[in-house]
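>>> sharing a model that was predicted from the sequence below.
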Amino acid sequence: MNAERHIIGERGNHFLNRVEGDTGANISACYQCERCTNACPVSIFMDIKPHQVIRYVQMGRRDELLKSSTIWVCLSCETCTTYCPNEVGVAEVINHLRNLAAKSSVEPAERPLAVFHRTFLEELQRFGRVNEFWMINSFNLKPGILKEKWKSGVLKEEMLLGIRLFKKGRLHLLPSKSKGIKRIRKIMKQNEGILDR
Amino acid sequence: MKISFYPGCSLEGMANDYARSIVSVFSDMEIDLVEIKDWSCCGATAAHSLSEYLSVVFPARNLSLAEEMGLDIVSPCANCFKRLKYSQHMIKKGLYDIPWKVQGDNTVYEITRFLSQPEMLARVQKRVLRPLKGLRVVSYYGCQMVRPPKITGFFDYENPQSLDKLAAAAGAEVIDWSYKTTCCGAGIGMGRKDIQRHLTGRILEKAKQSGAEAVVVSCPLCQTNLDTAQSEKDERPLPVFYITELIRLAFTEHAGSGWFRSHFADPSMLLDEKGIL
């Protein structure tokens, strides 16, 4: 079927060993039963299916994984991890790859989702707590987001939703703060690189 | 009885009605609920998606504050609950430096687990003034609260019972269905509306198919997601209740006028029909 044969590169098992070490996940134990993919509620939206992710790690195909939409589409609902007969932490591996992609120079396949996570943390270090109204506004002001929402028609829908939420008393316009922000900002600073991109 | 309360960001915004119903139910049950002073955000999905370290350290601040108070924690939000439990799990492993004094020893309860302990369930049953007779509901747990069982402690993860027990204690008729723990996709809506719609639509459809008249949840994200997905023009809206809203309703003779004003899928017609408004 697939004429191109992939062989493990000259770095051997380096990537596999590294991911196994960093996550504690039992990646080598996977025998491709595909239970994770069958259980996953969003596998149809993924380019590399969960069981393939594990195989790719075994084969050291790091770049394809970091460029995949899978690592951003994953909901971290942990169904795959829970049902794996060999206790491979599938969701943990995908989450770790997401961490790696966030710190790398790879352009995320699902840019809005990556930007959303960053915006959330920016709001967190701004107030110590996250106010939904402020967060959504900050997110919309990120480069390209508003334009994309306008094109797909989501913007109009969201504005109507916002008005309804406000009328129902579910939007709080004034953010509340936690005194923890000082320390939180320091921690974020020590972990520079996460919000830079 | 005294226990600390970690409301989380949602309960100050989208789910402020949830917060009100919790405070009312706990006070009726004579449980002293003490909000953790100056709590901060747990980091939610964003923190663990971008950095494992941040996902351990943000909840740790709140764990530390609760330890200072010498109290166990009740968490009403499934996501906060899992982040707190995960943080404890990682603190115990000792892999990271945590800038706060924290042992990770106090018990973190998910709210329905706390209220469905035998002693608490008995208290609920004793306080019920007006059982919600004839109200047919399905309970929806979502993903964060039950999985992975190693972290959450939900070993009945395939067919959890805590919400079912509580709804039954309030007098409702609880229907069995297969979508109790299927993710609703609340977290992905900001970037991929199509995936969110796909997941939410299926859960609402299956709930209706099961013959339920309402859904009971205990997660502010699930509630917001399932409730706001319903249009004003829906012929048969499916109200999505927080479990404490139902318990509060069963604890009183008459519902307060503003209790359900935040709901998109208006439950007043349904409750009126059943004679429980």
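Okay, I see it.

>>> span of stretch B:225-236 from start to end?
Terminal residues of stretch B:225-236 are spaced 17 Å apart (CA to CA, to the nearest Å).

>>> that one near chain A anywhere?
Yes: Stretch B:225-236 comes into contact with chain A (CB under 8 Å from any CB of the partner chain), by way of residue B:228. C-beta coordinates here come from the backbone N, C-alpha and C atoms, glycine included.

>>> what packs against the helix or strand residue B:198 falls within?
Assigned by DSSP states H and E, residue B:198 belongs to helix B:193-209. Helix B:193-209 sits against helix B:220-228, with contacts defined as 3 or more CB pairs under 8 Å, 6 or more residues apart in numbering or on different chains; DSSP states H and E.

>>> quick revisit: between the helix holding residue B:198 and helix B:220-228, how many degrees?
For helix B:193-209 against helix B:220-228, the angle by axes from the mean of the first three to the mean of the last three CA atoms, to 10 degrees is 80 degrees.

>>> give me the contacts around helix B:193-209.
Around helix B:193-209, the neighbours that count as contacts under CB atoms under 8 Å, 6 or more residues apart in numbering or on different chains are A:41-42, A:45, A:73, A:152, A:154, A:157, B:138, B:140, B:177-179, B:182-186, B:188-189, B:215, B:225-226, B:229-230, B:236, B:238.

>>> and that helix, how far out from the chain's middle?
Helix B:193-209 sits 19 Å away from the centroid of its parent chain (CA atoms, centre = their mean, to the nearest Å).

>>> rounded mean pLDDT for that helix, please.
Taken as a whole, helix B:193-209 has a mean pLDDT of 95.

>>> over to stretch A:29-48?
Here stretch A:29-48 scores 97 as its mean pLDDT.

>>> contacts made by it with the rest, please.
Stretch A:29-48 has contacts (CB under 8 Å, 6+ apart) with A:49-52, A:54-56, A:58, A:64-65, A:68-70, A:73-75, A:77, A:79-88, A:90, A:109, B:182-183, B:185, B:188, B:192, B:194-195, B:199.

>>> show me which of these are buried.
Among these, the ones that count as buried by 16 or more other CB atoms under 10 Å in any protein chain shown are A:49-52, A:54-56, A:58, A:65, A:68-70, A:73-75, A:77, A:79-84, A:88, A:90, A:109, B:182-183, B:185, B:188, B:192, B:195, B:199.

>>> checking my notes, residue B:33 in a helix, right?
No: judged by DSSP: H, G, I helix; E, B strand; the rest coil, residue B:33 forms no part of a helix; its state is strand.

>>> who does it form a beta bridge with?
residue B:3 (DSSP bridges).

>>> wait, a helix at residue B:74?
No: counting by three-state DSSP, residue B:74 falls outside a helix, being strand.

>>> what sits against it?
B:3, B:4, B:5, B:6, B:33, B:109, B:111, B:114.

>>> report the beta-bridge partner residues of it.
On the basis of DSSP bridges, residue B:74 is bridged to residue B:5, residue B:109.

>>> domain boundaries for chain A, per the record?
A:14-103, A:111-190 (automatic domain parsing).

>>> buried deepest among the ones you listed, which one?
Across these, the average number of neighbours (mean count of other CB atoms under 10 Å in any protein chain shown) peaks for domain A:14-103, which reaches a mean of 20.

>>> what's the span of that one, first residue to last?
In domain A:14-103, first residue to last residue: 19 Å (CA to CA).

>>> the helix holding residue B:198: which residues count as buried?
Counting neighbours by 16+ other CB under 10 Å, helix B:193-209 gives B:193, B:195, B:196, B:198, B:199, B:200, B:203, B:204, B:206, B:207 as buried.

>>> now the third one: closest residue in space, sequence neighbours ignored.
Spatial nearest neighbour of residue B:196, excluding adjacent residues (CB to CB, 6 or more residues apart in numbering or on different chains): residue B:189 at 3.9 Å.

>>> burial count for that neighbour?
23 (other CB atoms under 10 Å in any protein chain shown).

>>> pLDDT below threshold where in the chain?
Using chain A. By pLDDT under 70, the low-scoring segments of chain A are A:1-3, A:7, A:9-10, A:192-197.

>>> can we see that at 90?
Counting by pLDDT under 90, chain A contains low-confidence ranges at A:1-13, A:148, A:152-154, A:157, A:188-197.

>>> farthest residue from the center of chain B?
Distance from the C-alpha centroid of chain B peaks at residue B:97, with 30.7 Å (CA atoms, centre = their mean).

>>> could you report the pLDDT at the closest residue to residue B:169 other than its chain neighbours?
In space, and not counting its chain neighbours, residue B:169 is closest to residue B:124: 4.7 Å by CB to CB, 6+ apart. At residue B:124, the pLDDT value in this model is 96.

>>> residue A:52 in helix, strand or coil?
Quick answer, by three-state DSSP: residue A:52 is helix.

>>> would the helix or strand harbouring residue B:60 count as contacting chain A?
Taking DSSP H and E as the criterion, residue B:60 maps to helix B:52-69. Yes: contact of helix B:52-69 with chain A (CB under 8 Å from any CB) involves B:52, B:53, B:54, B:57, B:58, B:61.

>>> so who does the third one touch?
If you count contacts by CB under 8 Å, 6+ apart, residue B:54 has them with A:121, A:187, A:188, A:191, A:194, B:43, B:47, B:48.

>>> ok, now which ones touch the fourth one?
The neighbourhood of residue A:191, defined by CB under 8 Å, 6+ apart, consists of B:51, B:53, B:54.

>>> one more: the last one?
Residue B:48 makes contact with A:76, A:95, B:54, B:55, B:83, B:86 under the criterion CB under 8 Å, 6+ apart.

>>> name the nearest of those relative to residue A:143.
Nearest to residue A:143 among those is residue B:54, at 23.5 Å by CB to CB.

>>> can you tell me how far the closest one is from residue B:44?
Separation of residue B:54 from residue B:44 (CB to CB, to the nearest Å): 11 Å.

>>> any stretches of chain B with poor pLDDT?
Scanning chain B for pLDDT under 90 picks out B:95, B:187, B:190-191, B:231-236, B:253-258, B:275-277.

>>> angles on the backbone of the residue most central in space within it, please.
Computing the C-alpha centroid of chain B and ranking residues by CA atoms, centre = their mean puts residue B:218 first, at 2.2 Å. Per-residue torsions, residue B:218: phi -130, psi 10 (degrees, to the nearest 10).

>>> check residue B:162 too.
According to degrees, to the nearest 10, residue B:162 has phi -60, psi -50.

>>> surely it meets residue B:113?
Yes: if you go by CB atoms under 8 Å, residue B:162 and residue B:113 touch, sitting 5.3 Å apart.

>>> so which of those two has more stuff around it?
Legend: neighbour count by other CB under 10 Å for residue B:162 and residue B:113, higher for residue B:162 (24 against 21).

>>> chain A versus the more buried one, what's the distance?
17 Å (CB to the nearest CB, to the nearest Å).

>>> gap between residue B:148 and chain A?
Distance from residue B:148 to chain A, by CB to the nearest CB: 5 Å.

>>> same deal with residue B:76?
Where chain A is concerned, residue B:76 sits at a distance of 15 Å (CB to the nearest CB).

>>> ok, so of the residues of helix B:52-69 next to chain A, who is nearest residue A:134?
Once CB to CB is applied, the member of the residues of helix B:52-69 next to chain A that ends up nearest residue A:134 is residue B:58, at 18.0 Å.

>>> nice, that's everything, thank you.
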